[in-house]
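Enquirer: the amino acid sequence is not available; the structure is as follows:
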């Protein structure tokens with residue numbers, strides 16, 4: 001039985017593109033928070049909902065450098081896409097770009113990112129003062145769920 005289960009577990013861990021995309025975004029958020037505090041410069045996670053991509057830049061970069069960072073954007077794997085994203089106090093977006101700011105004092109703008117792969121969803125919740133990204137394997141309207 002173990003011979004049957006192990007390959008399936010390994011396959012799901014290494015081929016689940018939705019989970020892989022979520023892990024990469026969580027890693028980027030952790031890195032941004034650390035860099036913001038270390039360098040004492042706000043960092044921005046920029047998400048292009050239409051292009052299925054994201055990139056990072058610091059708040060003190062020139063427009064030319066920001067454009068260069070955009071050209072090096074990371075893309076979501078396979079059929080994974082951004083379903084929507086929103087930052088607290090702003091409108092939920094399903095198209096265009098969303099900016100999430102990581103402040104030099106160690107906190108982040110509260111935000112929710114929804115990833116989709118077909119009928120499957122993952123919700124990533126960035127809390128302002130908690131240093132971990134909360135993940136849910138379903139679509140969760142975080143601030144509306146109360």
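Expert: Nice, thanks for sending it over. Just so it is clear, the model here is predicted, and its values are computed rather than measured.

Enquirer: pLDDT weak spots in the chain?
Expert: Along the chain, segments meeting pLDDT under 70 span 1-15, 142-146.

Enquirer: what are the ranges of the strands in the chain?
Expert: 43-48, 53-58, 74-75, 81-87, 97-102, 111-117, 120-126, 133-136 (DSSP state E).

Enquirer: tell me which of those sits nearest to residue 18.
Expert: In terms of CB to CB, the element of these nearest to residue 18 is strand 111-117, at 4.1 Å. Quick note: C-beta positions are derived from backbone N, CA and C, even for glycine.

Enquirer: how much space separates the most centrally placed residue in the chain from residue 31?
Expert: Note on the chain: the residue nearest the mean C-alpha position is residue 25, at 3.8 Å, using CA atoms, centre = their mean. The gap separating residue 25 from residue 31 is 11 Å, by CB to CB, to the nearest Å.

Enquirer: try residue 48
Expert: Per CB to CB, residue 48 is found 19 Å from residue 31.

Enquirer: residue 91 too?
Expert: Distance of residue 91 to residue 31, given as CB to CB: 27 Å.

Enquirer: these two: which is more packed in?
Expert: residue 31 (14 against 8; other CB atoms under 10 Å).

Enquirer: what are the bridge partners for the spatially closest residue to the more buried one that is not a sequence neighbour, then?
Expert: For residue 31, ignoring the flanking residues on the chain, the nearest one in space by CB to CB, 6 or more residues apart in numbering is residue 56 at 7.9 Å. Counting by DSSP bridges, residue 56 forms beta bridges with residue 45.
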